[in-house]
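Peer 1: sequence and predicted structure are below.
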Amino acid sequence: MHTQRILTLAGAGLAALLLSATTLNAKTFVYCSEGSPENFTPALNTTGTSFDAARPVYSQLVQFVRGTTEVTADLADKWDVSEDGKVITFHLRKGVKWHSGVNGFTPTRDFNADDVLFSFNRQWKPDHPYAKISGGKYDYFSDMDMPKLLASIEKKDDYTVVFTLTQPDAPILSNLAMDFATIQSAEYADFLMKKGAPEQFDQIPVGTGPFQFVTYQKDAVIRFKANPTYYAGKPAIDDLVYAITPDPTSRLAKLKTGECSYIFGPRPQDLEEIKKDKNLTLLSQPGLNIAYWAFNTKKPPFDKKEVRQAFNMAIDKEAIIKEVYNGAGQPAKNLIPPTIWSYNDKVKDYPHDPEKAKAMLKAAGVTTPLEIDLWYMPVQRPYNPNAKRIAEIMQSDLSKIGVNAKLVTYEWGEYRKRAQNGEHMTAQLGWTGDNGDPDNFFFLRNCASAREGGQNITRWCNKEFDDRFNKAQQTTDVKTRTKLYEEMQVIEKEDAPDFPIAHSIVYDAERANVVGYKMSPLGAHVFYGVDMK
């Protein structure tokens, strides 16, 4: 008995030594992320947190060149566009391998056209076997107007797929590089349906991407391992770990001790400290983003333009920039940032004028004290480093014009769902562009997205704005599009469905031994192509 115990302990010690030897030889990269994903199917999600969590596993037909908004090949190695812009023929890459699933799935074939049809038809066709799995809400697909835009998607052969559109669409290829257009395995879906566990499809991801999913523990960790058969070559990193760390101070502490290789969004007040630390590198770039405060135009008194204009004058924007952004942001006057083409710098912002705001409310028939809610986000985002503090500044400013604002928040997924359903009177939100096209910002105020569950949480629908939006989508002439977008910014400013807060500079930080990481202007965190010295 005693001898057996010694042997067991020796065996355990040997196992530990072997494990540590394996770990020493393997390259483990730890990303300290800011939150838990809702699931691992990008088509079901709208937040960067969930997209980032799924991104290592998957591929799209086309992708953005790392660190840019330029579209390049991915699962489609080439494509042809018809002269009228309405037919796109994708020629698919051959020999692309699917991952095996940690739930017993082993692929019997390579990626092919059936997977493309499965992935798009799930979002498009209500009778698709997976259409209603996991709640079956495909906000991005709808908000990109795909149901209206698609006439058909046809499989010509195993490696040729033809998309026919109802009209030409300038941003279509950029849109197809976005996360909602991720390609998933039709064979895996079939395997789980036969097993009676289709909901596992969105929780245990199987893809063709550079990393394979290993495990996920909610609010704690996501683990991936390198995909040795990835078509573009095995990643330099062996193990990719997402250490979920919502608090920015904790993320920085972990970076300093080496528990993290890379962190999201350090606090503005910590930037100098990071710059001085020789073991760390601070990364930054102007954000393709906007933070805004949305007024629900379906709820009085925000159904009146004059009231919305008055609220724009009530808030001291410069004070918010100074206190919350700490030099890492600039005041916003338009929905799109100045870093994107078609930005209209001639638009004049509303001045901070509490007395005029009070007079306008009175003229609009609003009696004070007025009670409203002011929703603030429970998470830190690249465009908003401290939503609660911004809400407190707004609350204080509003009290000076006779408005009592009750601060409200919810868990992030719940917050967005409730806001998209229009429960709020006013709510903070924001956006980081998905594809570098102005269309990707302006859809946030178009009529199609003002539906219940849509991403236009102002519920504002202006025909002049919408007509220009639709015209801009249907022409590839940049001059024409620019003119339409400039006019849209004037219309939106006058109608004031929101209070644009700021465009931020985006900061991340990494250990000094990390090489090859490229910040994405689209806010995506991509770890393929990264190595460690």
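Peer 2: Arrived safely. Residues are numbered from 1 along each chain as shown.
Peer 1: low-scoring stretches of the protein, by residue?
Peer 2: Within the chain, the stretches with pLDDT under 70 are 1-24.
Peer 1: need the longest strand for it.
Peer 2: Secondary structure assigned by DSSP state E gives strand 498-511 as the longest strand of the chain.
Peer 1: that one packs against which elements?
Peer 2: helix 248-257, strand 262-264, strand 280-286, strand 289-295, helix 317-320, strand 329-331 (3 or more CB pairs under 8 Å, 6 or more residues apart in numbering; DSSP states H and E). Where you see a C-beta, it was placed from the backbone N, CA and C, and this is true even at glycine.
Peer 1: nearest to Asn121, of the ones you listed?
Peer 2: Closest to Asn121 of the helices and strands packed on strand 498-511, according to CB to CB: strand 289-295, at 32.3 Å.
Peer 1: list the buried residues for the next helix or strand after that closest one?
Peer 2: As assigned by DSSP states H and E, the chain's next helix or strand after strand 289-295 is helix 305-314. Using 16 or more other CB atoms under 10 Å as the test for burial, helix 305-314 gives 307-314.
Peer 1: just put these in TSV and tack on distance to Glu199.
Peer 2: Listed next are these as TSV, based on distance: CB to CB, whole Å:
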residue	distance to Glu199
Val307	45
Arg308	42
Gln309	47
Ala310	48
Phe311	43
Asn312	45
Met313	49
Ala314	47
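Peer 1: just those residues now: which is nearest Ala502?
Peer 2: Asn312 (14.2 Å).
Peer 1: give the burial count for the residue nearest to the closest one when sequence neighbours are not counted, as a bare number.
Peer 2: Residue nearest to Asn312 in three dimensions, not counting chain neighbours: Tyr350, with 4.0 Å by CB to CB, 6 or more residues apart in numbering. Number of residues near Tyr350 (other CB atoms under 10 Å) recorded here: 21.
Peer 1: partners of Asn404 in the sheet?
Peer 2: For Asn404, the beta-bridge partners are Glu371 (DSSP bridges).
Peer 1: also Thr281?
Peer 2: Beta-bridge partners, per DSSP bridges, of Thr281: Glu510.
Peer 1: who's in contact with it?
Peer 2: For Thr281, the contact set (CB atoms under 8 Å, 6 or more residues apart in numbering) comprises 509-512, 514.
Peer 1: next helix or strand past the longest strand of the chain?
Peer 2: strand 514-515.
Peer 1: could you list the paired strands of that following strand along with their orientation?
Peer 2: Assessed with DSSP bridges, strand 514-515 is paired to strand 531-532 (antiparallel).
Peer 1: how far off centre is the strand it pairs with?
Peer 2: 25 Å (CA atoms, centre = their mean, to the nearest Å).
Peer 1: can you check stretch 312-325 too?
Peer 2: For stretch 312-325, the separation from the chain centroid amounts to 25 Å (computed by CA atoms, centre = their mean).
Peer 1: give the buried residues for it.
Peer 2: Buried-residue list, stretch 312-325, by 16+ other CB under 10 Å: 312-317, 320-321, 324-325.
Peer 1: need phi/psi at Pro351.
Peer 2: phi -80, psi 160 (degrees, to the nearest 10).
Peer 1: and stretch 473-483, how far apart are its ends?
Peer 2: For stretch 473-483, the first-to-last residue distance is 13 Å (CA to CA, to the nearest Å).
Peer 1: on that earlier part again, which one (most neighbours) among the contacts of Thr281?
Peer 2: In terms of neighbour count, Ala509 stands highest of the contacts of Thr281 at 26 neighbours, by other CB under 10 Å.
Peer 1: ok, it to Lys533 distance?
Peer 2: 16 Å (CB to CB, to the nearest Å).
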